[in-house]
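Chemist: Sharing a model prediction with you, sequence too.
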Amino acid sequence: MIRMGKMVPYIMQMLVKKPNTTLYPSVKAHVEEHFRGALKFDQPKCIGCKICMKVCPSNAIEIERISETEKVYQAYVHMDRCIFCGQCVDSCPKKALENTENFELASTDKKSLKVAI
């Protein structure tokens with residue numbers, strides 16, 4: 001335990017010292033190159049092969065056909081399941097999926113975590 005006399009200089013030193021932590025969220029966080037954040041879906045490129053669904057280790061992706069007359073597909077991601085591994089992005093033959101730099105994905109409503117991308 002530090003005695004009272006030795007504590008005062010220590011406290012004064014800490015008052016002028018630069019903080020060791022980041023000032024997030026007031027200062028925007030820096031993301032590194034090749035960061036794997038939320039998914040982005042390019043609908044016209046999707047051919048509906050569903051390879052992304054098959055390779056997803058957490059079953060977080062759903063691909064649904066939204067038009068009976070045309071081959072148009074919609075992707076849904078369960079954000080509460082996704083582990084941002086990037087396997088879906090790497091396996092897509094038409095590059096219809098890509099990772100973004102968005103990492104601020106918190107929510108208090110579980111129903112809102114199934115996101116149409």
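Modeler: Thanks, I have the structure now.
Chemist: List the contacts of residue 98.
Modeler: By CB atoms under 8 Å, 6 or more residues apart in numbering, the contact list for residue 98 reads 39-40, 42, 89. Just so you know, the C-beta spots here come from the backbone N, C-alpha and C atoms, and that holds for glycine as well.
Chemist: among these, which are in strands?
Modeler: Among these, the members falling in strands (DSSP state E) are 39-40.
Chemist: ok now the helix ranked longest in the chain, how far from the chain's centre?
Modeler: Longest helix in the chain, counting residues (DSSP state H): helix 4-16. Remark: helix 4-16 is offset 41 Å from the chain centroid, using CA atoms, centre = their mean, to the nearest Å.
Chemist: go on, stretch 23-36?
Modeler: Averaged C-alpha coordinates place stretch 23-36 at 12 Å from its chain's average position (CA atoms, centre = their mean).
Chemist: what does it rub up against?
Modeler: Stretch 23-36 has contacts (CB under 8 Å, 6+ apart) with 22, 37, 84-86, 89, 99, 101, 103.
Chemist: all strands for the protein, in order.
Modeler: Applying DSSP E to the chain gives strands spanning 39-41, 61-65, 73-78, 97-99, 114-116.
Chemist: Distance to residue 49 and mean pLDDT added to those strands, as a markdown table?
Modeler: What follows is these, written out as a markdown table (distance: least, CB to CB, whole Å; pLDDT from 0 to 100):
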| stretch | distance to residue 49 | mean pLDDT |
| --- | --- | --- |
| strand 39-41 | 14 | 89 |
| strand 61-65 | 8 | 90 |
| strand 73-78 | 9 | 89 |
| strand 97-99 | 12 | 90 |
| strand 114-116 | 19 | 82 |
